[in-house]
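Asks: need a structure here:
(one chain, ligands or ions: 1)
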Amino acid sequence: MKNLVSMKDLSVDQIHEILSLAQAFRDGATSTLTNKYTVSNLFFEPSTRTKMSFEMAQRKLNLEVLPFETGFSSTLKGETLYDTVKVLECIGLDVLVIRHEQNNYFEDLVGKVNTAIINGGDGTGNHPTQSLLDIYTIWEEFGTLQDKVITIVGDIAHSRVARSNADALTRLGAKVRFVCPSEWQGEFEALNEFDEVVEDSDVLMMLRVQHERHDGKTAFSKEQYHQMYGLTIERERKMKKDAIIMHPAPFNRDVEIANELIECDRSRIFKQMENGTYVRMAILEMILRGRE
Ligand code: NCD
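Replies: Take a look at the predicted model:
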């Protein structure tokens, strides 16, 4: 694995390899890298979890992390992303983690620069490391994804998390369904009725309503959305005994999910964040092993 920009880059065997390595790091294993590597995180869109857990993962692997402030970089003078990355390649960066608003921004970079690229989210396109931490969390919970019924609910059209998970979860044997208002269906086949699918789901993966991608148009009031597509307390009561709740976060309390459910027994939302560090350690380690 030289880069990781999309879940389509990974075979099922490679996904399993990442899960095992993440588990090993979780159990206390340390990096086997022998050279010193330098990495940087270029976040052109807001981030708390992804950026901080990448930084934590990099520090746990003893990597040198060079700070990159997008708000003070020459991109503000019009330098293109390609030219910025080329600079960082010349300076000697081994890996760049990039989040950018443009879908498929990485197509201009992969194969053209020697620095490895890890995609921390491209527009509404891909978010492979979120997908891997979601997969890890489900695998940790059930021991397998085979035949698990995973229902992804919400703003599917604008969600790079849904897009990355749709492909990967299916390849791992899960039965993936989508529920959303018809306006937010995008290219997916989706159900428009949430209540029909609450009871037989093993995982309810709630997505954030991505107001920043809606051009100011709101189809629903918060209360309407919560009643129709939110995980309410009444819906949670109908879930299967061992079913779990996930959300990539940040969450809109009482919109996608009732405030009281965010830290309930079934919720794995904070577990997902915790797992993010180990999964990102595994990805960095695997990419850098290829450079030894
Ligand atoms: C997600 C993202 O940025 O796509 N957040 C995250 O990385 N945990 C989901 C979102 O913003 O809704």
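Asks: name the element the closest residue to the ligand within the chain belongs to?
Replies: Relative to the ligand, the nearest point of the chain is R208 (3.4 Å; C-beta to the nearest ligand atom). Bear in mind the C-beta positions are built from the backbone N, C-alpha and C, glycine included. Secondary structure assignment for R208, by DSSP states H and E: no helix or strand.
Asks: Please work out how many residues are found near it.
Replies: 20 (other C-beta atoms under 10 Å).
Asks: ok, now L33?
Replies: 16.
Asks: how about the nearest residue to it once chain neighbours are set aside, what does it touch?
Replies: Among residues not flanking L33 along the chain, L288 sits closest, at 5.4 Å (C-beta to C-beta, 6 or more residues apart in numbering). Applying C-beta atoms under 8 Å, 6 or more residues apart in numbering, one finds that L288 lies in contact with L33, Y37, L61, L63, D94, V95, A116.
Asks: Against L61, how distant is L288?
Replies: Between L288 and L61 the computed distance is 8 Å (C-beta to C-beta, to the nearest Å).
Asks: for S47, same thing?
Replies: 19 Å.
Asks: So for these two, which residue has more residues nearby?
Replies: L61 (21 against 17).
Asks: Surely the more buried one is in contact with M281?
Replies: Yes - between L61 and M281 there is a contact at 5.8 Å, judged by C-beta atoms under 8 Å.
Asks: Now do the shared contacts for the two.
Replies: Both L61 and M281 are in contact with S31, where contact means C-beta under 8 Å, 6+ apart.
Asks: Of the contacts of L288 - the most surrounded one?
Replies: V95 leads the contacts of L288 on contacts (other C-beta under 10 Å) with 24 neighbours.
Asks: what's near enough to touch that residue?
Replies: Y37, V39, S40, L63, T115, A116, I117, I118, L284, I287, L288.
Asks: Now intersect those with the strands, please.
Replies: Within the contacts of V95, residues falling in strands by DSSP state E are V39, S40, A116, I117, I118.
Asks: isn't the last one right next to L4, touching?
Replies: What that stands for is I118. Yes - with contacts counted by C-beta under 8 Å, I118 reaches L4, the gap being 5.0 Å.
Asks: what residues are shared contacts of these two?
Replies: Counting by C-beta under 8 Å, 6+ apart, the residues touching both I118 and L4 are T129, I283, I287.
Asks: that older thread, for PyMOL, what selects the buried ones among the ones in strands among the contacts of V95?
Replies: Buried residues within these, by 16 or more other C-beta atoms under 10 Å, are selected in PyMOL with:
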select buried, resi 39+40+116+117+118
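Asks: can the ones in strands among the contacts of V95 go into CSV with extra columns for distance to P248 and pLDDT?
Replies: Rendered in CSV, the data for the ones in strands among the contacts of V95 read as follows (distance: C-beta to C-beta, whole Å; pLDDT from 0 to 100):
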residue, distance to P248, pLDDT
V39, 23, 98
S40, 23, 98
A116, 24, 98
I117, 21, 98
I118, 17, 98
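Asks: Next, format the ones in strands among the contacts of V95 as TSV and append distance to the ligand.
Replies: Below are the ones in strands among the contacts of V95 laid out as TSV (distance: C-beta to the nearest ligand atom, whole Å):
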residue	distance to the ligand
V39	18
S40	18
A116	20
I117	17
I118	13
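Asks: so how many other residues sit close to the closest residue to S182 other than its chain neighbours?
Replies: Closest residue in space to S182, ignoring its immediate chain neighbours: N192 at 5.6 Å, by C-beta to C-beta, 6+ apart. N192: 15 surrounding residues under other C-beta under 10 Å.
Asks: which residues touch N192?
Replies: V179, C180, P181, S182.
Asks: So how do I select the buried members of these in ChimeraX?
Replies: The buried residues among the contacts of N192 can be selected in ChimeraX (16+ other C-beta under 10 Å) with this line:
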select :179,180,181
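Asks: distance between the ends of stretch 111-118?
Replies: End-to-end distance for stretch 111-118, by C-alpha to C-alpha, to the nearest Å: 13 Å.
Asks: before we move on, what about stretch 72-84?
Replies: Stretch 72-84 has its terminal residues 13 Å apart, counting by C-alpha to C-alpha.
Asks: Surely E140 is within a helix?
Replies: Yes - assignment of E140 by DSSP: H, G, I helix; E, B strand; the rest coil places it within a helix.
Asks: was I right about it contacting N275?
Replies: Yes - with contact taken as C-beta under 8 Å, E140 and N275 are classed as touching, separated by 7.1 Å.
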